[in-house]
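>>> Model the structure of this input:
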Amino acid sequence: MTERISYLTKHLRANPKDFSTRRGLVALVNKRRRLLNYLYRINPEKYASVISSLGIRHKSPGRVTDRAEKYSRYPGQKAVKKHLMKKK
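Next comes the predicted model:
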């Protein structure tokens, strides 16, 4: 899969307007990313060895478990906008 991704990347450098190939490339990259995320969850040691043997960069999936944890670092709403307030 990585070999095909590199081939399509070279093809797109030579043919930048080939959008159908770009769509296929994005699909392959996303499929590889999902498979690597699965491998990371199942066996992190094997994941590390596969990444190093393929010679690719891959950001391992984050540790966020729920929405509250994901958005807790952002401040809440500061002020209520006047046009959204209920009229009495």
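>>> Mind listing what's buried along the host helix or strand of residue 13?
Assigning secondary structure by DSSP states H and E places residue 13 in helix 2-14. Neighbour counts over helix 2-14 (16 or more other Cβ atoms under 10 Å) mark 5, 8, 12 as buried. Quick note: C-beta positions are derived from backbone N, CA and C, even for glycine.
>>> Can you name the element that comes right after that helix?
Following helix 2-14 toward the C-terminus (DSSP H and E): helix 19-42.
>>> Which neighbouring elements make contact with that next one?
helix 2-14, helix 44-54 (3 or more Cβ pairs under 8 Å, 6 or more residues apart in numbering; DSSP states H and E).
>>> picking that back up, and of the buried residues of helix 2-14, the nearest to residue 35?
Among the buried residues of helix 2-14, residue 5 lies closest to residue 35 (Cβ to Cβ), at 12.3 Å.
>>> re earlier: can you add pLDDT and give the buried residues of helix 2-14 back as JSON lines?
Converted to JSON lines, the buried residues of helix 2-14 look like this (pLDDT from 0 to 100):
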{"residue": "5", "pLDDT": "92"}
{"residue": "8", "pLDDT": "94"}
{"residue": "12", "pLDDT": "94"}
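>>> Since that was my last question, I'll sign off now.
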